[in-house]
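**Q** next input, structure requested:
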Amino acid sequence: MKKLLQTFTFTLGLAISQIATAIDWSAYSHDGDIGYRNSTWMAQLPNDRPISQISMVGTHDTMSLYGGDSVQTQSMSLNMQLQSGIRALDIRCRHYYNSCAIHHGFVYQNANLDDVFSTLQQFLQANPSETVLMRVKEEYDPVGNTRSFEDTFSAYAQRYPNLLWQSNSANPNLGQVRGKAVVLQNFSGNQAWGIYYNSLNIQDDYSVTTNWDLYSKWTKVKNHLANASQGSYGTIYMNYLSASGGSFPYFIASGNSSPQTGAPLLSTGLTTPGFKSSYPDFPRVACFIGICTIAFEGTNRLASERLAGTTYGRVGILMTDFPGKQLIQNTISHNFR
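**A** Numbering: from 1, shown residues only. Next comes the predicted model:
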């Protein structure tokens, strides 16, 4: 009997261990330093590789480090993001007294466009093999301005005359944009400042009502990964892993019960075998005598696991909240398969 109990305990422990290791825990991080540096990964790509054929990780609401769980989408500073291999940004500017104040909704993020441009310039001067795509969008209500948003943006750009790439191409080759920031223009203007944001093929279904909408969001992310792999060679695909509204951004990214990097996953309240067909991509955890809890799992971890187990021709640009080491690595690796 004792031997039988020891065998059962060992088998149960092994089953739980196998389930735990199937979850890509390091694809999500709420830390200011994720312990990973990859500042020159584009140096290994050929100059004639078009932007549309480069797989990269970006950050949604790049500068949103403040405002609490409902507003915060990042923990790494902009410089740390760039050093960690992030190559696409989402910059939201409130037009405020002829300046560009960085906001997430109504929440000021203690930065302005000068902070973004100066950080980009320093990084690209130090790493001229790289390029950074930068969505620029006017955010929240304008106040006290005597000129257009484009004129204010232009005033900032003139302070950094060698930073921005400008051309008529909607899909430049990497060699044309190395050492430059490429604006994904999401504001109206009289000239093209880079690539028009609306020319991209974008999945950005960002609104969820409850935590249980996470699986629907993941399905859209997963489908867009397949679309990017099979889609037009010259189209830039952008896939937002982020969502909020009835759920916190950290939860959508992780599935965690709290924002901390190593926090446990939240349970869906369902178990197998009774609900074995529900949420098939979510992990089965805490199994005991054939009964397992179905836990939530966030889009960062699900996407990273999918990338590790599937060879896509490309995955496009993955726009994320709280990206972790493994998600960045697994995305970059698709450029070399």
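**Q** from here on, just use CA atoms for contacts and neighbour counts.
**A** Noted.
**Q** for P142, which non-adjacent residue is spatially closest?
**A** Counting by CA to CA, 6 or more residues apart in numbering, H95 is the residue found nearest to P142 once chain neighbours are left out, at 4.8 Å.
**Q** and what about the one you found, helix, strand or coil?
**A** Here H95 is recorded as strand under DSSP: H, G, I helix; E, B strand; the rest coil.
**Q** and it, what are its bridge partners?
**A** With DSSP bridges applied, H95 shows beta-bridge pairing to C100.
**Q** from L113, how far out is the nearest residue to Y240 once chain neighbours are set aside?
**A** Spatial nearest neighbour of Y240, chain neighbours left out: M319 (4.6 Å); criterion: CA to CA, 6+ apart. With distances taken as CA to CA, to the nearest Å, M319 is found 20 Å from L113.
**Q** and those two? Which one has more around it.
**A** Neighbours per residue (other CA atoms under 10 Å) separate M319 from L113, with M319 holding more: 26 against 20.
**Q** am I right that that one sits in a strand?
**A** Yes: under three-state DSSP, M319 sits within a strand.
**Q** was I right to think it contacts D61?
**A** No: taking contacts as CA atoms under 8 Å, M319 lies outside contact range of D61: 9.0 Å.
**Q** contacting residues around T59?
**A** Q74, I86, A88, L89, D90, L318, M319, T320, D321, F322, P323 (CA atoms under 8 Å, 6 or more residues apart in numbering).
**Q** could those residues go into CSV alongside pLDDT?
**A** Output for these, formatted as CSV (pLDDT from 0 to 100):
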residue, pLDDT
Q74, 98
I86, 98
A88, 99
L89, 99
D90, 98
L318, 98
M319, 99
T320, 98
D321, 98
F322, 98
P323, 98
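**Q** specify which member of the residues you listed is nearest to Y237.
**A** L318 (8.6 Å; CA to CA).
**Q** report the separation between that closest one and T272.
**A** L318 is 32 Å from T272, where distance means CA to CA.
**Q** figure out the length between the terminal residues of stretch 157-167.
**A** So stretch 157-167: terminal residues 15 Å apart, CA to CA.
**Q** SS state for the closest residue to Q203 other than its chain neighbours?
**A** Spatially, and ignoring its direct neighbours in sequence, Q203 is nearest to N239 (4.9 Å; CA to CA, 6+ apart). Three-state call for N239 (three-state DSSP): strand.
**Q** quick one, what contacts N239?
**A** I202, Q203, D204, V221, H224, L225, G316, I317, L318, M319.
**Q** now the two most distant members of these.
**A** Once CA to CA is applied, the contacts of N239 give D204 and G316 as the farthest pair, at 13.6 Å.
**Q** show the average pLDDT along stretch 120-128.
**A** For stretch 120-128, mean pLDDT rounds to 98.
**Q** could you do stretch 226-240 as well?
**A** 96.
**Q** all helices for the stretch 51-200 of the chain, in order.
**A** Ranges of helices within the stretch 51-200 of the chain are 78-83, 113-126, 149-158, 174-177, based on DSSP state H, counting those that start in this stretch.
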